[in-house]
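[1] Here's my sequence, what's the structure:
(one chain, ligands or ions: 1)
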Amino acid sequence: MNKKTLQLPKYTMGVGDRFGKEGQAQLAALLRARKDGVDVSPVWNKSFREHSIIHTEPLSVRQAADSAVKATGWPLPYFVDADHINFKTVDGFIGSSDFFTLDVASAIGTTADSKALEAFVARHEDLCGRLAVEGLAEPMTVTRDLLFSVAEKYLFAVQEAGRIYRRVEQAKGAGCFVTEVSMDETLQPQTPSELLVILAAIADEGIPAQTIAPRFSGRFNKGVDYVGDAAKFACEFEADVAVVRFACKRFDLPANLKLSVHSGSDKFKIYGAINAVLRKSGAGLHLKTAGTTWLEEVVGLAEAGGEGLAIAKDVYRAAIDRFDELCGPYSEVIDIDRKALPAMSEVSRWDGAAFAAALRHDQSCPRYNPNLRQLLHVGYKVAAEMGSRFLDALDNYRSSVAVNVETNFYERHVMRVFPSQGK
Ligand SMILES: [Zn+2]
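    Now for the predicted structure:
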């Protein structure tokens with residue numbers, strides 16, 4: 001990469017929030033981590049889906065980022081991510097973003113034309129056989145069949161990523177933005193050997209990807225813990241890290257290319273494994289979660305009592321009434337047991353501490369209810385519709401909200417995932 005290329009630092013993490021109010025609290029958490037020797041650069045993100053549900057514009061994210069950085073004196077680089085954009089939605093993000101997550105999951109499975117497929121397989125036939133990949137206990141076996149089947153399934157999607165990339169490049173200029181390719185929002189996980197072939201295709205397509213988001217095995221539901229075999233995830237993640245490093249050299253991809261984990265937040269069961277692999281390998285990571293900030297806002301409002309608690313209860317009441325409408329857009333990434341949701345008659349008697357205990361993600365607390373948590377997670381549309389009633393409460397109960405946002409981000413996420421630098 002040339003000198004002018006905008007480089008993504010080793011450790012980066014998603015920040016930002018639905019309502020653009022918590023940037024300072026999140027940076028306060030990252031500043032605390034920095035004091036502890038853990039340097040993580042923030043990447044503001046808000047997906048097209050969030051913008052459309054809440055009726056905000058991408059420029060508002062840039063403004064929230066710039067003003068939080070100014071107010072806190074944040075000293076390291078920071079980025080604004082056009083999260084999960086595709087060819088249809090990219091244009092609205094070009095002016096305000098310097099990080100683009102090219103989401104091509106919906107193109108997976110569409111087959112590229114046969115000439116392109118054959119040319120790809122011929123170009124990469126040298127991968128076939130047993131490949132010694134540093135960091136893997138056993139050599140990786142790539143067969144011609146695997147090469148062909150991965151190409152059949154993913155080549156078109158990578159070509160689509162190329163189309164989106166070139167659209168951004170044309171508008172902003174090469175090297176002026178960071179590129180991520182995401183394939184996570186699909187049901188079938190990609191294996192490490194599939195990832196290797198996908199990276200070959202990304203290099204062929206001329207996409208200078210600095211992060212890649214594969215679909216890992218297990219379920220990554222929104223706002224609740226990982227569902228799956230954590231030990232299996234650990235092996236897969238370690239193998240993916242090794243494959244990424246190998247692919248950088250072999251295919252001449254950007255040297256800082258790293259994995260991006262789209263966690264849907266709060267995957268505490270696998271944070272330890274991620275931390276251990278990062279320590280051992282020295283690899284970088286982009287963790288695309290802001291730590292369920294919106295839910296921390298609700299916790300903070302509930303704990304503040306008064307109008308804050310009344311708002312928390314009103315959001316829950318409306319979320320129960322509008323269950324299908326709110327859950328619909330997220331049906332792939334939530335699993336709510338409706339029978340286990342507390343009745344409104346019960347919730348209306350709760351004090352702030354009881355509401356916070358049911359919502360806060362503390363699995364050791366017997367009052368914690370993951371069903372209520374997931375429902376409130378998708379209930380932000382209700383808060384958006386409250387307009388100034390909700391936004392004013394975030395200002396009026398600022399200290400209660402900020403302490404919850406900051407503590408959650410620092411303790412439950414940043415410090416569990418990222419090792420201190422150089423160790
Ligand atoms: Zn994602």
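
[2] quick one: Val414 from Ala28, how far?
    Applying Cβ to Cβ, to the nearest Å, the value for Val414 to Ala28 is 11 Å. All C-beta spots, glycine's among them, are computed from the backbone N, C-alpha and C.

[3] Name the single longest strand found in this structure.
    Scanning the chain for the strand with the most residues, using DSSP state E, yields strand 79-85.

[4] Let's see the helix or strand that contains Ser345 as CSV, backbone CA atoms only.
    Using DSSP states H and E, Ser345 falls within helix 344-347. Written as CSV, here are the backbone C-alpha positions of helix 344-347 (Å, rounded to 0.1, in the frame of the first residue of the first chain):
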residue,chain,number,x,y,z
MET,A,344,-47.1,-6.1,31.5
SER,A,345,-49.1,-6.4,34.7
GLU,A,346,-46.0,-7.6,36.5
VAL,A,347,-43.6,-5.2,34.8
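
[5] Point out the other helices and strands that that helix packs with.
    With contacts taken as 3 or more Cβ pairs under 8 Å, 6 or more residues apart in numbering; DSSP states H and E, helix 344-347 sits against helix 306-321.

[6] Give me the distance from the helix it packs on to the chain's centre.
    27 Å (Cα atoms, centre = their mean, to the nearest Å).

[7] What of stretch 182-192?
    What separates the centre of stretch 182-192 from the centre of its chain is 14 Å, taken as Cα atoms, centre = their mean.

[8] What is the end-to-end distance of it?
    Stretch 182-192 has an end-to-end distance of 15 Å (criterion: Cα to Cα, to the nearest Å).

[9] who's in contact with the longest strand of the chain?
    8, 12, 14, 41-49, 58, 61-62, 65, 90, 93-94, 96-103, 164, 178, 180, 182, 185, 288 (Cβ atoms under 8 Å, 6 or more residues apart in numbering).

[10] Now for whatever residue of the stretch 251-400 of the chain ends up closest to the ion: which residues touch it?
    Going by Cβ to the ion, the ion is nearest to His262 of the stretch 251-400 of the chain, at 3.2 Å. Contacts for His262 (Cβ under 8 Å, 6+ apart) come out as 182, 184-185, 213, 220, 288-289.

[11] Could you tell me the phi and psi values at it?
    Here is the backbone geometry of His262 (degrees, to the nearest 10): phi -90, psi 100.

[12] Would you mind measuring from it to Lys288?
    Distance, His262 to Lys288, using Cβ to Cβ: 5 Å.

[13] Mutual contacts of these two, please.
    Counting by Cβ under 8 Å, 6+ apart, the common neighbours of His262 and Lys288 are Ala213.

[14] check contacts around Ser420.
    Taking Cβ under 8 Å, 6+ apart as the test, what Ser420 contacts is 36-38.

[15] Show the buried residues in those residues.
    Buried members of those, scored by 16 or more other Cβ atoms under 10 Å, are Val38.

[16] Name the helix or strand for the closest residue to Leu341 other than its chain neighbours, please.
    Computed as Cβ to Cβ, 6 or more residues apart in numbering, the closest residue to Leu341 that is not its neighbour in sequence is Asn371, at 5.1 Å. Using DSSP H and E, Asn371 falls within helix 370-377.
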